[in-house]
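Student: need a structure here:
(one chain, ligands or ions: 1)
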Amino acid sequence: MGLIQLERLGESKDGYLSFFEAARHIPFEIKRIYYIYDVPINAKRGMHAHKRLRQVLWCPYGHMEILLDDGREAVAYTLDTPDKLLLVEGQWRDMYWRQPGSVLCVAASDYYDEEDYVRDYDEFLRLVKEGYWSDER
Ligand code: TYD
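Tutor: Numbering: from 1, shown residues only. You can find the predicted model right below:
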């Protein structure tokens, strides 16, 4: 879990390019990409964890805050430049939109499966207590 700083190629006179590559930057095979957009300022999304799914998040435009909670402590991450990736593996996440037009992109390790979601915080804490994710995070 945590932020991965990507390279930022170029200079201000003609702009920048960042990239990430399978295996080199991402510790899983990407099977799905989705993106969230047109979200009102200060709206909160997320409010769930995943049992098995691994994800990287990045913000190609805008500013958002992502709160990752492993059941013991919550850490706030800011995604406000396109050259940062945030790796999420089993943590409870709350996501706040802080700038109009912000876009959140997600690359995920598997196809969409509602069965993989934990949407109840008490159930999340129970799974943490049972050690459900302990060897992975
Ligand atoms: P959800 O993951 O709950 O969004 P967020 O965490 O941003 O609040 O997904 C919102 C809805 O979209 C939910 O009904 C499931 C559906 N969905 C798909 O059908 N496919 C997908 O790949 C994703 C991510 C969500």
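Student: who in this structure is up against the ligand?
Tutor: Applying Cβ under 6 Å from any ligand atom, we find that the chain lies next to the ligand at 32, 34, 36, 45-46, 112. Every C-beta, even on glycine, is put in place using the N, C-alpha and C of the backbone.
Student: again, 8 Å this time
Tutor: 32, 34, 36, 45-48, 93, 95, 104, 106, 108, 111-112, 114, 117, 119 (Cβ under 8 Å from any ligand atom).
Student: what is the burial count for I4?
Tutor: 15 (other Cβ atoms under 10 Å).
Student: any idea how far it lies from the ligand?
Tutor: 21 Å (Cβ to the nearest ligand atom, to the nearest Å).
Student: so how far is W58 from that residue?
Tutor: For I4, the distance to W58 equals 9 Å [Cβ to Cβ, to the nearest Å].
Student: quickly list what's touching both of the two.
Tutor: 84-86 (Cβ atoms under 8 Å, 6 or more residues apart in numbering).
Student: rewinding a little: just the buried residues out of the residues of the chain next to the ligand, in ChimeraX syntax.
Tutor: The following ChimeraX line selects those of the residues of the chain next to the ligand that are buried, judged by 16 or more other Cβ atoms under 10 Å:
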select :36,46,93,95,104,106,108
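Student: just the ones of the residues of the chain next to the ligand in helices?
Tutor: Of the residues of the chain next to the ligand, none are assigned to helices by DSSP state H.
Student: give me the number of residues near the residue nearest to G90 when sequence neighbours are not counted?
Tutor: Among residues not flanking G90 along the chain, W133 sits closest, at 4.0 Å (Cβ to Cβ, 6 or more residues apart in numbering). Number of residues near W133 (other Cβ under 10 Å) recorded here: 19.
Student: could we number from 41 for the rest of this?
Tutor: With 41 as the first residue, the last one maps to W173.
Student: surely W173 is in a helix?
Tutor: No: going by DSSP: H, G, I helix; E, B strand; the rest coil, the assignment for W173 is coil, not a helix.
Student: before I go, just wanted to say thanks for your time.
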